[in-house]
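A.B. asks: The following block contains a protein sequence and its predicted model.
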Amino acid sequence: MTPLFSLLAGTLALSACGGASGTTITLYNGQHVQTTDALVAAFEKVHPGIHVLVRSDSENTLDAQIVEEGSRSPADVFFAENSPALEYLQGRGLLAPLPRGVLAATPPRFDSPIGRWVGVTARVSVMVYNPTMVPRRTLPTSILALAKPRYRGLLGLAPSETDFQPIVTAVMRAVGRARTLTWLEGLRRNAAGHLYSSNEALTLAVNRGAVGLAVIDQYYWYRLRATLGAGAMHSALAPFAPRDPGYVVDVSGAGVLTSTHHRRAAVALVHFLVSRAGQEIIAHSESFEYPLASGVVTVQPETPFATLKPDPITIAQLGTGSTAVSLLREAQLL
């Protein structure tokens with residue numbers, strides 16, 4: 001019996017003793033469908049009395065929908081791609097406190113500062129570049145340098161992606177609002193004609209030579225390599241300097257809505273996401289995200305999470321992302 005199967009079997013035995021029976025819960029999913037499908041399928045196997053109805057959309061769309069629905073929301077659980085979406089709902093009083101046993105599964109620095117959601121996975125922002133257009137020796141060490149004229153016509157951006165907002169927040173924390181706006185305006189000039197609607201499209205554009213470099217979360221490049229094959233990869237990854245504001249760890253997390261009528265089942269789903277069994281699924285999947293539970297590490301050939309040296313910005317400092325959105329609009333990137 002494999003270690004992963006043993007974990008699943010053990011969870012199944014526990015759920016049979018006291019799980020909810022014949023319950024359907026609704027998961028509003030702002031995470032990548034690939035990640036969520038694998039986790040939900042495994043959860044339903046170990047909790048056979050609970051069925052999960054998944055509604056997937058961008059986390060911004062789901063955030064707005066949950067606020068509009070209020071106490072009438074059919075959602076029981078929200079799984080977000082980035083922490084600001086969860087912090088926004090938390091600030092509106094729409095996420096319920098989680099049990100200590102759920103929060104204890106992952107390091108507290110990756111969870112809600114007040115215990116209303118728990119971190120599930122992480123990614124890190126890096127540069128993706130095409131060596132034929134931008135030799136590695138010419139790459140900047142700081143994200144601030146990407147606004148310099150030398151990168152005009154080489155830079156690509158996906159500014160509407162929520163992954164970009166934590167970076168803007170980190171830059172603002174490092175250099176202030178006025179300099180951040182100037183930096184964003186420089187990015188807009190350098191990326192003129194090379195704005196993309198998604199990080200998937202942006203990563204593919206760099207790989208095929210449409211643009212020379214971009215900033216993405218690392219997993220987009222690994223997913224593209226898994227799809228195309230190593231021989232079709234014409235791009236590479238490079239980190240920014242340690243603690244640079246472009247070197248940000250993004251956290252995906254999940255919380256239970258205050259309006260749920262199925263709290264026990266909803267908590268069970270969130271608990272599974274951060275359980276050893278759930279985290280091992282992430283570790284062995286081709287989502288290329290980092291599991292956050294202590295003692296679980298990805299088996300994929302990525303830079304080990306423990307060796308990363310990101311900007312020390314906290315979940316609380318990343319906040320809701322509202323100021324980042326305001327700056328992006330002012331810079332005419334949204």
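C.D. replies: That came through fine. Residues are numbered from 1 along each chain as shown.

A.B. asks: what mean pLDDT would you report for the helix or strand containing V128?
C.D. replies: Taking DSSP states H and E as the definition, V128 sits inside strand 118-129. Here strand 118-129 scores 98 as its mean pLDDT.

A.B. asks: Am I right that S252 is in a helix?
C.D. replies: No: assessed with DSSP: H, G, I helix; E, B strand; the rest coil, S252 is strand; it does not lie in a helix.

A.B. asks: Can you tell me who the residue nearest to it when sequence neighbours are not counted pairs with across the strands?
C.D. replies: Distances taken as Cβ to Cβ, 6 or more residues apart in numbering place T121 nearest to S252, at 4.6 Å, with adjacent residues excluded. In short, each C-beta sits where N, CA and C put it, glycine included. Beta-bridge partners recorded for T121 (DSSP bridges): S252, P291.

A.B. asks: For T121, give me its contacts.
C.D. replies: Q31, T35, V251, S252, I282, S287, E289, Y290, P291, L292 (Cβ atoms under 8 Å, 6 or more residues apart in numbering).

A.B. asks: Weed out the non-buried ones from those residues.
C.D. replies: Q31, T35, V251, S252, I282, S287, E289, Y290, P291, L292 (16 or more other Cβ atoms under 10 Å).

A.B. asks: Tell me the buried residues in stretch 304-323?
C.D. replies: So stretch 304-323, judged by 16+ other Cβ under 10 Å, has buried residues F305, L308, P310, D311, I313, I315, L318, G319, T320, G321.

A.B. asks: what about the fifth one, distance to A238?
C.D. replies: Spelled out, it's I313. 21 Å (Cβ to Cβ, to the nearest Å).

A.B. asks: got the end-to-end distance for stretch 113-132?
C.D. replies: End-to-end distance for stretch 113-132: 44 Å, by Cα to Cα, to the nearest Å.

A.B. asks: for stretch 140-153, same thing?
C.D. replies: Criterion Cα to Cα; first-to-last residue distance in stretch 140-153 is 15 Å.

A.B. asks: Show me what it is in contact with.
C.D. replies: The contact list for stretch 140-153, computed with Cβ under 8 Å, 6+ apart, reads 155, 167, 171, 175, 182-187, 189-190, 192-194, 212-213, 215, 240-241, 244-247.

A.B. asks: of those, buried ones?
C.D. replies: Neighbour counting by 16+ other Cβ under 10 Å classes 155, 167, 171, 183-184, 186-187, 190, 194, 212-213, 215, 240, 244-247 among the contacts of stretch 140-153 as buried.

A.B. asks: Test my guess that G101 contacts H271.
C.D. replies: Yes: counting by Cβ atoms under 8 Å, G101 touches H271, with 7.2 Å between them.

A.B. asks: Look over the contacts of T121 and name the one with the lowest pLDDT score.
C.D. replies: Within the contacts of T121, pLDDT is lowest for T35, at 87.

A.B. asks: Can I take it that that one is in a helix?
C.D. replies: Yes: per three-state DSSP, T35 lies within a helix segment.

A.B. asks: dump the residue contacts of it.
C.D. replies: T35 neighbours (Cβ under 8 Å, 6+ apart): T121, S252, I282, S285, S287, E289.

A.B. asks: And it, how far from V52?
C.D. replies: Using Cβ to Cβ, T35 is found at 14 Å from V52.

A.B. asks: who's in contact with V134?
C.D. replies: The neighbours of V134, taking Cβ under 8 Å, 6+ apart as the test, are L154, G212, L213.

A.B. asks: and the first one, how many neighbours?
C.D. replies: If you count neighbours by other Cβ atoms under 10 Å, L154 ends up with 20.

A.B. asks: can you check Q218 too?
C.D. replies: By other Cβ under 10 Å, neighbour count at Q218 equals 22.

A.B. asks: and what of A277?
C.D. replies: Around A277 there are 24 other residues, counting by other Cβ under 10 Å.
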